[in-house]
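>>> The following comprises the amino acid sequence and a computationally predicted model.
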Amino acid sequence: MDAFTSFFDSQSRGCWRYDILSDFSQISPIVQTHLKKVYLTLCCALVASAVGVYLHVLWNIGGILTTIGCFGSIAWILATPQHQEQKRVALLLASAAFQGATIGPVIELAINIDPGVLVSAFVGTAVAFGCFSAAAMLARRREYLYLGGLLSSGMSILLLLQFASYFFGGSTALFKIEMYFGLLLFVGYIVVDTQEMIERAHFGDKDYVKHALLLFTDFVAVFVRILIIMLKSSMEKDEKRKKKRSD
């Protein structure tokens, strides 16, 4: 936060100080190398996820089986020793492809209704992910790790809301609460997981596959919620336009 405070102070004085926003001196060169591997692996996982979405659009494969395949691949990754890097990376890409196929129906719906919503949701997710990841890197070490407990409690509340909507019937208000509250939680997880990843790397944990998996999960969770929120808003606007035309 000190870096951002200094940055905005410099802005108020009318001078641009890019060096403040690019100051990662508190992160050692070894950890910086680890972060590069993590984010490169994350990009590969996102590409694999896009392939999974494409396969669903072609053959309609998304469903229970792809969900099981996703969780199975994740469990396999965690059970595989770290020295088997190629195998773990292949499993991560497989898990990402299964995940892409699983969320394929939502993306296909967005393509059929308004493709622009899909592009806007992805760009918005990428911008939010980049901003919050950068904030976590620029902040003091361990500054946001205390949020982990609050986020875990919030996740328990979110699960209770989902169970309540499943057993007692969902409403529009409850759906919106779930979407926005879940979006807030996973945005928080981006910050916490980034700082935790950096802290673990400082203590010798260089498992870039597992760290990329955590960030990929956060990215997809934020993307799906932003997409659903924007898609629902677009559908509501279309309904209002149709009513005005009919009137």
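Now that the structure is in, tell me what you want to look at. Residues are numbered from 1 along each chain as shown.
>>> For the particular helix or strand that has Thr33 in it, list every residue counted as buried.
Here Thr33 sits within helix 29-59, counting by DSSP states H and E. Across helix 29-59, burial judged by 16 or more other C-beta atoms under 10 Å covers 31, 34-35, 38-39, 41-42, 44-46, 48-49, 52-53, 55-57. Backbone N, C-alpha and C define where each C-beta goes, glycine included.
>>> what packs against that helix?
helix 85-102, helix 104-113, helix 172-202, helix 208-246 (3 or more C-beta pairs under 8 Å, 6 or more residues apart in numbering; DSSP states H and E).
>>> residues contacting the residue sitting nearest the centre point of the chain?
By C-alpha atoms, centre = their mean, the mean C-alpha position of the chain lies nearest to Phe219, the distance being 1.4 Å. Phe219 makes contact with Leu42, Leu46, Thr125, Phe129, Ile190, according to C-beta atoms under 8 Å, 6 or more residues apart in numbering.
>>> could you redo those as TSV and give each row pLDDT and distance to Ile77?
Formatted as TSV, these follow (pLDDT from 0 to 100; distance: C-beta to C-beta, whole Å):
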residue	pLDDT	distance to Ile77
Leu42	98	14
Leu46	98	17
Thr125	97	23
Phe129	97	21
Ile190	97	20
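>>> out of those, who's nearest Lys237?
Nearest to Lys237 out of the contacts of Phe219 is Thr125 (C-beta to C-beta; 21.0 Å).
>>> so how many other residues sit close to that closest one?
A count of nearby residues for Thr125, using other C-beta atoms under 10 Å, gives 21.
>>> Thank you, goodbye.
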